[in-house]
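A.B. asks: Have a look at this prediction, sequence included:
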Amino acid sequence: MSRVLVVNAGSSSVKYQLLDVHSAAVLASGLIEQIGEREGRARHTTGGADFSATRPIPDHAAAFALLAAAFADHGPDLETDPPVAVGHRVVHGGTRFQAATVIDDDVLATLHDLTPLAPLHNPANITGIRAAMASFPGVPHVAVFDTAFHRTLPPAAYTYAVPPDWRETYHVRRYGFHGTSHQYVSHRLAAILGRTDVAVVVLHLGNGCSACAVLDGASVETSMGLTPLEGLVMGTRSGDVDPAIPFHLARTAGLTIDELDAALNKASGLKALAGENDFRTVSARAAAGEPDAIAAIDVVVHRLVKYIGAYAAVMGRLDALAFTGGIGEHSAALRAAVLSRLTVFGVELDRAANDDARGETRVTTDGSGVAAYVIPTNEELQIAREAMALLRG
């Protein structure tokens with residue numbers, strides 16, 4: 001009785017894993033994508049076998065019916081041996097949800113009320129939850145929030161210097177995201193180091209990117225804010241910009257709020273700097289000497305180094321760094337570029353270890369003043385653990 005089905009429902013996709021929490025084994029996994037399009041795609045993997053299908057998947061209800069059928073046809077059998085819980089990733093819990101929560105009608109209503117804080121994410125999460133509850137009615141469903149790990153941010157870190165009415169009526173503050181990843185990676189790093197009194201900066205680097213300062217196991221600062229737009233340079237998101245830029249462009253270029261929103265979230269970042277949001281492609285072009293790609297990587301590295309230095313100052317020291325996410329785990333060149341800029345902290349890059357890093361790997365020398373590691377994130381396992389812990393009290 002240690003199996004949890006973890007679900008991550010997006011606007012047009014559903015990712016899932018069935019995990020054994022005790023052994024951390026993935027018993028089955030799958031991806032259903034292109035929901036609502038003419039031809040959807042589904043893949044289900046179990047026991048080393050991969051089953052796939054292409055068919056119309058009109059909505060999330062159809063997606064979860066397909067998910068249930070995949071388990072019934074290919075295993076493990078969830079009808080005779082159901083999971084103890086279904087854990088759901090939910091992006092935004094606001095200040096209302098600061099820990100894993102069993103989902104009921106009141107919780108769903110509150111998540112709907114929080115939609116203005118995450119209009120791109122929470123509606124899809126809610127739709128997925130409702131469909132999953134209909135497909136798996138006999139087990140508890142648990143929401144685990146991206147924002148929850150950052151509940152320990154001190155007021156000085158989460159407070160914006162904006163009018164009181166914005167803060168009190170409209171809940172404008174820093175919430176932070178990628179919390180499940182930051183929690184898993186920082187706690188895993190503490191276990192590797194064999195101590196809990198550790199000052200760590202975790203860099204979650206993928207198409208979305210965020211940094212988190214974790215002091216003695218608690219988040220004390222993070223780069224994303226009210227929304228996932230603030231902070232580091234990302235695939236299509238700008239990260240930090242002067243807040244007056246949208247006003248300037250509204251006045252001089254006639255851009256609307258929706259156009260500004262789309263530009264900063266979907267047409268900025270690497271895509272704006274290099275014409276491409278795939279970091280692998282931009283890196284390859286930079287290695288080939290293309291000026292715009294080189295300049296884009298320079299901006300990414302500069303922003304990362306700036307955040308690391310600031311977070312070290314906030315914590316009063318820096319014991320370790322962790323790189324995670326698709327870019328953090330796989331781009332040796334980016335890690336080398338960042339770490340070579342941190343000699344002020346006594347960082348000594350182990351080039352051979354960095355170049356050959358696979359899985360959990362230390363990429364600095366034994367004598368380095370700061371230990372830097374690659375640590376693959378495992379948000380699904382973290383969600384399963386939190387769901388199990390909640391149900392067991």
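C.D. replies: Looks like it arrived, so ask away. Here the structure is a predicted model, which is why all the values come from computation and not from measurement.
A.B. asks: ok, Ser223 touching Cys212?
C.D. replies: Yes: shown here, Ser223 and Cys212 form a contact pair, counting by C-beta atoms under 8 Å, at 7.4 Å. Bear in mind the C-beta positions are built from the backbone N, C-alpha and C, glycine included.
A.B. asks: Of those two, which one has the most company?
C.D. replies: Cys212 (30 against 26; other C-beta atoms under 10 Å).
A.B. asks: Any chance you could list what contacts the helix or strand that contains the more buried one?
C.D. replies: Taking DSSP states H and E as the definition, Cys212 sits inside strand 209-215. Applying C-beta atoms under 8 Å, 6 or more residues apart in numbering, the contact partners of strand 209-215 are 149-150, 176-179, 182, 186, 198-204, 219-224, 228, 231-234, 239, 304, 307-308, 311, 314-315, 325, 327.
A.B. asks: For it, give the mean pLDDT please.
C.D. replies: Taken as a whole, strand 209-215 carries a mean pLDDT of 98.
A.B. asks: just stretch 248-267 next, same as before
C.D. replies: On average, stretch 248-267 scores 97.
A.B. asks: which residues touch it?
C.D. replies: With C-beta under 8 Å, 6+ apart, stretch 248-267 has contacts from Leu120, Leu229, Thr236, Arg237, Ser238, Val241, Pro246.
A.B. asks: how many neighbours does the last one have?
C.D. replies: Okay, so that is Pro246. 17.
A.B. asks: ok, now Arg392?
C.D. replies: For Arg392, using other C-beta under 10 Å, the count is 7.
A.B. asks: how close does it get to Tyr373?
C.D. replies: 30 Å (C-beta to C-beta, to the nearest Å).
A.B. asks: what residues are shared contacts of Ser223 and Cys212?
C.D. replies: Contacts common to Ser223 and Cys212, judged by C-beta under 8 Å, 6+ apart, are Gly176.
A.B. asks: Quick check: can you list the domain ranges of the chain?
C.D. replies: Domain ranges of the chain: 3-145, 194-374, per automatic domain parsing.
A.B. asks: Quick check, central residue of the protein?
C.D. replies: Closest to where the C-alpha atoms of the chain average out (C-alpha atoms, centre = their mean) is His178, at 3.5 Å.
A.B. asks: Touching, that residue and His204? I think so.
C.D. replies: Yes: in this structure His178 lies within contact range of His204 using C-beta under 8 Å: 4.6 Å.
A.B. asks: which helix of the chain spans the most residues?
C.D. replies: Scanning the chain for the helix with the most residues, using DSSP state H, yields helix 291-315.
A.B. asks: Quick one: distance of it to the chain centre.
C.D. replies: 19 Å (C-alpha atoms, centre = their mean, to the nearest Å).
A.B. asks: What's the first helix or strand after that helix?
C.D. replies: strand 320-324.
A.B. asks: For the stretch 1-150 of the chain, which segments are assigned as strands?
C.D. replies: In the stretch 1-150 of the chain, the segments counted as strands under DSSP state E, counting those that start in this stretch are 3-9, 13-20, 25-33, 40-46, 49-55, 85-90, 101-102, 141-145.
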